[in-house]
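[1] Prediction below, plus the sequence it came from.
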Amino acid sequence: MSQSNQNPSRDYYKCLRCEKVVKWADDVKCDCNKMIVKSFNEVKEELAKIQMLFKLIEKGQSFLLMLLNAVIVIISFFIVI
């Protein structure tokens with residue numbers, strides 16, 4: 001933040017090597033909000049895909065358990081006979 005009489009309390013960017021002012025912060029046009037919203041939407045989409053995969057895995061596990069139970073019943077039937 002500038003402490004000069006000409007630009008009091010004005011934020012700026014400076015070079016870390018030579019300490020010279022590179023740009024005034026209010027001169028920089030930033031699309032940060034747009035980038036954040038875009039990133040957030042991308043994360044939301046990926047999360048939805050992951051949730052769908054988990055549901056498919058759960059359904060697959062349920063199917064395998066039902067199949068295992070059926071095999072146990074059939075084996076039990078043949079053991080009894």
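    Good, I have the coordinates.
[2] And E46, how close does it get to S39?
    Note on E46: its distance to S39, by C-beta to C-beta, to the nearest Å, is 11 Å. Bear in mind the C-beta positions are built from the backbone N, C-alpha and C, glycine included.
[3] quick one, domains of the chain?
    Split into domains by automatic domain parsing, the chain comes to 1-29, 31-80.
[4] Output the below-cut-off pLDDT ranges for this protein.
    21, 28-34, 81 (pLDDT under 70).
[5] where do the strands sit along it?
    12-14, 21-24 (DSSP state E).
[6] For the domains of the chain, give me CSV that also has mean neighbour count.
    Supplementary listing: those in CSV, determined by neighbours: other C-beta atoms under 10 Å:
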stretch, mean neighbour count
domain 1-29, 10
domain 31-80, 10
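[7] gap between the residue sitting nearest the centre point of the chain and Y13?
    With distances taken as C-alpha atoms, centre = their mean, V43 lies nearest the centre of the chain, 3.5 Å away. Counting by C-beta to C-beta, the gap from V43 to Y13 is 29 Å.
[8] likewise I75?
    Relative to Y13, and taking C-beta to C-beta, I75 is found at 74 Å.
[9] Tabulate the CA atom coordinates of stretch 49-67 in CSV.
    The C-alpha trace of stretch 49-67 is given here as CSV (Å, rounded to 0.1, in the frame of the first residue of the first chain):
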residue,chain,number,x,y,z
LYS,A,49,-19.7,-37.9,-11.5
ILE,A,50,-18.0,-39.4,-8.5
GLN,A,51,-21.3,-39.7,-6.7
MET,A,52,-22.8,-41.5,-9.7
LEU,A,53,-19.8,-43.9,-9.7
PHE,A,54,-20.3,-44.6,-6.0
LYS,A,55,-24.0,-45.4,-6.7
LEU,A,56,-23.1,-47.8,-9.5
ILE,A,57,-20.5,-49.5,-7.3
GLU,A,58,-23.1,-49.9,-4.5
LYS,A,59,-25.6,-51.4,-7.0
GLY,A,60,-22.9,-53.7,-8.2
GLN,A,61,-22.1,-54.8,-4.7
SER,A,62,-25.8,-55.4,-4.0
PHE,A,63,-26.0,-57.5,-7.2
LEU,A,64,-23.0,-59.5,-6.2
LEU,A,65,-24.4,-60.1,-2.7
MET,A,66,-27.7,-61.3,-4.2
LEU,A,67,-25.8,-63.6,-6.6
